[in-house]
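# Build the 3D model from these lines:
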Amino acid sequence: MRTLPPAPALAGTALAFTSMYLAAGALTPLLVVYRDRWHFAPSLLTVAFAVYAVGFLVAALVLGSLSDHLGRRPVLLGALAVQLASDLMFLFAPDVGWVIAGRIVQGVASGAATAAFTAALVEHAPAGRERLGPVLGSVGLTGGLAVGSLLAGLAIQLTPSADTIVFVTLSVLTVVGGLAVAASPETVRRGPGALRSMIPRVAVPPTARPEFLAAAPVVAAVWMLAGLSGGLAPSMVHSVFHLDSGLLDGLAGFIAPAVSVVVGLSFTRVHPRTAVTLGIYAAALGAVGIVGGAWAGSLGAMFAGQAIAGVGFGAAFTAALGLIIPLAPDRQRAAVVAGIYVVSYLGLGLPVVAAGRLTDAVGVVPTVGWYGAVVVALSLLSLGAQRRLTHRGPRRDAADAAGPRRLSRT
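So this is what the prediction gives:
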């Protein structure tokens, strides 16, 4: 069987990867449509958003390393088949229960495939353009979430059959992406250890532990803000600002991830410590802006807060990875990455579900206020930890330098 050359293989793999996150982003404004259609409680809307994180996390921990042993194509094709099943579940959903189940299936597909897709994009990059793979992976993930939300919002604005149009289109993209993956060359030789790789491993070695503990609060904070933008902000357009606009719903889910893409790509040459500190300030300021917009009834202020929160995500999360991962031994890096994503997806899912419950009891605006306060508190906690690491660094370096001198005199 003839296979695609590197450039088309890279483009086809990137299309398949992006289609998964376009689908995840499209649910952001469509959940508001489903709530209006089936009249379920706001807490169920946040559950339908957050269960994606459960499916993703379980699949990533169990299946994330499987492609290293079975090869990239079998894992990617299997995940795309699961993704297609979730698209069809949304397309034919008769009630919110199907949507919740579809979100879990969607999360499983993304969790199983994200590591394999990221590796495949690097491996398909043409010689001399190796950095193109990670860039396409970053843009495909976060950019897919943003564009999926915006295009779904536009479809809601222009047609009464938005969910049908969206999921038929996404199903076609998934099939086309699957054909491209099937026609791409395999980049990994099948080897032993597949079953062993499915045992979840989450560990942070002592060498990386101080950086991990210092970054964990802001990692949770920026993913909480991502959950706020995807799980609560679109419904706030209706419940807080009293605007009936699918386009604004989509824009509420678009702004933060779109800004984070730009910032993440722009900050590649900024020192990680500087970037994570800037991200901490931006996360706290973005939370204050979102809360202020909700209390003042200003949609523009909320959107500005979301944009600043996107700066926080793009700067802090990428920088945290850069600070933590190099400190882990090669054989423990996958377990460290798993630990980071456990913190991330717990921050994405659990607070949004709690906020949905609280919304039923006290209302949207007070809930957003408490949510923002937790984000600010986590940001300040991480800021203090980062400063302690910065102040300890020169003394530790001096001690390391003094050690050999003392040994040389004995």
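
# can you pull out the helices in the stretch 51-200 of the chain?
67-70, 72-91, 96-124, 132-138, 144-158, 162-183, 194-197 (DSSP state H, counting those that start in this stretch).

# residues touching the nearest residue in space to Gly356 that is not next to it in sequence, list them.
Distance criterion CB to CB, 6 or more residues apart in numbering; nearest residue to Gly356, sequence neighbours excluded, is Thr46 at 3.0 Å. Glycine gets a C-beta too; all of them are placed from N, C-alpha and C. Thr46 makes contacts with Gly231, Leu232, Val352, Val353, Ala355, Gly356, Thr359, as judged by CB atoms under 8 Å, 6 or more residues apart in numbering.

# Turn those residues into CSV, columns for secondary structure and distance to Gly107.
Output for the contacts of Thr46, formatted as CSV (DSSP: H, G, I helix; E, B strand; the rest coil; distance: CB to CB, whole Å):
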residue, secondary structure, distance to Gly107
Gly231, helix, 14
Leu232, helix, 19
Val352, helix, 14
Val353, helix, 14
Ala355, helix, 19
Gly356, helix, 17
Thr359, helix, 22
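
# Generate a ChimeraX selection restricted to the buried subset of those.
For the buried members of those, the matching ChimeraX selection, counting by 16 or more other CB atoms under 10 Å, is:
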select :231,232,352,353,355,356,359
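
# Which single one of the contacts of Thr46 is nearest to Ala377?
Ala377 lies nearest to Ala355 out of the contacts of Thr46, by CB to CB, at 15.2 Å.

# Wait, that closest one touches Leu232, no?
Yes: here Ala355 lies in contact with Leu232, judged by CB atoms under 8 Å, at a distance of 6.3 Å.

# can you list residues touching both of those two?
Taking CB under 8 Å, 6+ apart as the contact rule, Ala355 and Leu232 both touch Thr46, Thr367, Val368, Tyr371.

# got a winner among those for most neighbours?
Thr46 (28 neighbours; other CB atoms under 10 Å).

# Distance to Ala307 added to the contacts of Thr46, as CSV?
Output for the contacts of Thr46, formatted as CSV (distance: CB to CB, whole Å):
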residue, distance to Ala307
Gly231, 18
Leu232, 16
Val352, 20
Val353, 25
Ala355, 21
Gly356, 24
Thr359, 24
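
# and the helices of the stretch 51-200 of the chain, which one is worst for confidence?
Comparing mean pLDDT across these, the weakest is helix 132-138, with a mean of 78.

# With just CA atoms, put the helix or strand encompassing Ala256 into CSV.
Using DSSP states H and E, Ala256 sits in helix 246-266. What follows is helix 246-266 as a C-alpha-only set of coordinates in CSV (Å, rounded to 0.1, in the frame of the first residue of the first chain):
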residue,chain,number,x,y,z
GLY,A,246,-25.7,32.3,19.5
LEU,A,247,-22.7,34.3,18.1
LEU,A,248,-22.1,35.9,21.5
ASP,A,249,-22.3,32.4,23.1
GLY,A,250,-19.7,31.2,20.7
LEU,A,251,-17.6,34.2,21.3
ALA,A,252,-17.7,33.6,25.1
GLY,A,253,-16.0,30.2,24.4
PHE,A,254,-13.7,31.6,21.8
ILE,A,255,-11.8,34.5,23.4
ALA,A,256,-9.8,32.8,26.1
PRO,A,257,-8.4,29.8,24.1
ALA,A,258,-7.8,32.0,21.0
VAL,A,259,-5.7,34.5,23.1
SER,A,260,-3.9,31.6,24.8
VAL,A,261,-2.8,30.2,21.4
VAL,A,262,-1.3,33.6,20.4
VAL,A,263,0.4,34.0,23.7
GLY,A,264,1.7,30.5,23.9
LEU,A,265,3.4,30.9,20.5
SER,A,266,4.7,34.4,21.3
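
# Quick one: name whatever helix or strand follows that helix.
Toward the C-terminus from helix 246-266 - assigned by DSSP H and E - lies helix 272-296.

# Could you dump the helices of the stretch 51-200 of the chain into a markdown table and include mean neighbour count?
Supplementary listing: these in a markdown table, determined by neighbours: other CB atoms under 10 Å:
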| stretch | mean neighbour count |
| --- | --- |
| helix 67-70 | 20 |
| helix 72-91 | 22 |
| helix 96-124 | 23 |
| helix 132-138 | 19 |
| helix 144-158 | 24 |
| helix 162-183 | 19 |
| helix 194-197 | 13 |
